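Chemist: Predicted model and sequence below, questions to follow.
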Amino acid sequence: MTDPDHWLATYEKQHRDIRHAPLYWLAVGGLVPGVAGLLWALPVPAALRDISPLVNWGSVFLMAAMVYYFIISIPLALGMLPIVFGVTVFETWLAHTDAMLSPVAVTLTAASVAGLYAGHYAGDGISGVGRDIQMMMIAPLWMLSVVYRRLGIPH
């Protein structure tokens, strides 16, 4: 079994009996932008800020995720590019509006964690949510792999 297959199989094994799949998918989809927003809102050292206004802890997190995705699977990484780009555009827009990034990121993260708990399979509750947070960067890849399988796209 290759590395991406191992990670995706492990994640899928832990998520066979999801109680409310649409709610769970929405929660997983909101967790990464929520956490990226929390990191985006953290203070940045002047040395990093001088490089570019787009260099911050959230953008570093997203860039590291993309490197990780390309190491795991090029087809899945290519599929994640528009998603990560969309998260980056959203976070950049939010940081430059009057909406204040921190409260939106906290709300999105809290709603996502609540959605993970409500959507998770019976009997695993909090420990299942904890595993989901640990595997936060595999979850979107797993969701994309499910879509790829349904469309017949190899990954």
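Modeler: Happy to help now that I have it.
Chemist: drop to CA atoms for contacts and neighbour counts, all remaining ones
Modeler: OK.
Chemist: low-confidence ranges in this structure?
Modeler: Applying pLDDT under 70 to the chain flags residues 1-7, 9-20, 120-129, 131-132, 134.
Chemist: host element of the closest residue to residue 36 other than its chain neighbours?
Modeler: The spatially closest residue to residue 36, leaving aside those adjacent along the chain, is residue 58, at 4.7 Å (Cα to Cα, 6 or more residues apart in numbering). Following DSSP states H and E, one finds residue 58 within helix 57-72.
Chemist: All the helices of the chain, residue numbers only.
Modeler: Using DSSP state H, the helices of the chain run over 3-14, 21-40, 46-51, 57-72, 74-95, 101-119, 125-134, 138-151.
Chemist: Okay, angle between the fourth one and helix 74-95 too, please.
Modeler: Yep, that's helix 57-72 we're talking about. Here helix 57-72 runs at an angle of 170 degrees relative to helix 74-95 (axes from the mean of the first three to the mean of the last three Cα atoms, to 10 degrees).
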